[in-house]
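Participant: here are the coordinates; sequence isn't available:
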């Protein structure tokens, strides 16, 4: 957004004033920056409220963007020369994006820039979803999580541990361990998120599955995200997800490195 000039609406009629950008291909849109037209403080011109619509290459109609609370109005600038960033809490895939001014100072005028990515491999990191897991002592149809389109996808945010190994024990109905993926976030660029997979296997005689995640040093004592993906069918249900699994298996074994063993169960 270099320079001082910007887009100037032909009319101040909200119903007919809008500006559209063609990104030439589908992009994952994550945010927008708006700025007034000029630094002239005697006649400032900027947009104070606006809304966004968008459509992808595959669509023939525009969709109104709404946030998690169902609001579609963004608060824009309060000073014409101060850039304001509005991040979208749910990114959307679009080639065409329109901005409609809803309120302004002196005239609907602005400079704007979208923040987008070519790739769109961030389908789960934004769920921010802590599932309500059922007790194994009271498994019923009402407190187990059922599949949607044969999948269960959950994402835990803000997990913390001082141990380098994190355990997740899963119980439910029709769970097949080799069709369960567990991973923890190791890198995020805002557009793409990289997860490292955990080892998933049978839990033991009691049934269920256990994931063992070997965390990196960067995760120790710091919040991190954990993703769970279950592939199943209409009968598959997740009824318990327990992070307080046993820190060691029963029985006798030789401890080769006592310090490492103590750190792992701390």
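Facilitator: Okay, I see it. None of these values were measured; they are calculated from a predicted model. Numbering: from 1, shown residues only.
Participant: Give me the below-cutoff pLDDT ranges for the stretch 151-266 of the chain.
Facilitator: By pLDDT under 70, the weakly predicted segments of the stretch 151-266 of the chain are 188-192, 205-206, 244-253, 260-266.
Participant: Just to check, residue 157 is in contact with residue 223?
Facilitator: Yes - counting by Cβ atoms under 8 Å, residue 157 touches residue 223, with 7.3 Å between them. C-beta here means a position set from N, CA and C on the backbone, and glycine is covered the same way.
Participant: So which of these two has more stuff around it?
Facilitator: Comparing residue 157 with residue 223 by other Cβ atoms under 10 Å, the one with more neighbours is residue 157, at 15 against 9.
Participant: other SSEs contacting the helix or strand where that one lies?
Facilitator: Using DSSP states H and E, residue 157 maps to strand 151-159. Of the remaining helices and strands, those touching strand 151-159 by 3 or more Cβ pairs under 8 Å, 6 or more residues apart in numbering; DSSP states H and E are strand 145-146, strand 224-231, strand 237-242.
Participant: Let's have those in CSV, adding mean neighbour count and distance to residue 162.
Facilitator: Conversion of the helices and strands packed on strand 151-159 to CSV gives the following (neighbours: other Cβ atoms under 10 Å; distance: least, Cβ to Cβ, whole Å):
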stretch, mean neighbour count, distance to residue 162
strand 145-146, 16, 29
strand 224-231, 20, 12
strand 237-242, 19, 19
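Participant: okay if I get those strands as TSV plus distance to residue 194?
Facilitator: Formatted as TSV, these follow (distance: least, Cβ to Cβ, whole Å):
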stretch	distance to residue 194
strand 145-146	26
strand 224-231	11
strand 237-242	23
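Participant: So which residues of this structure form helices?
Facilitator: Assigned by DSSP state H, the chain shows helices spanning 258-265.
Participant: For the nearest residue to residue 219 once chain neighbours are set aside, give its distance to residue 229.
Facilitator: Excluding the flanking residues, the one nearest residue 219 by Cβ to Cβ, 6 or more residues apart in numbering is residue 184, at 7.0 Å. Per Cβ to Cβ, to the nearest Å, residue 184 is found 13 Å from residue 229.
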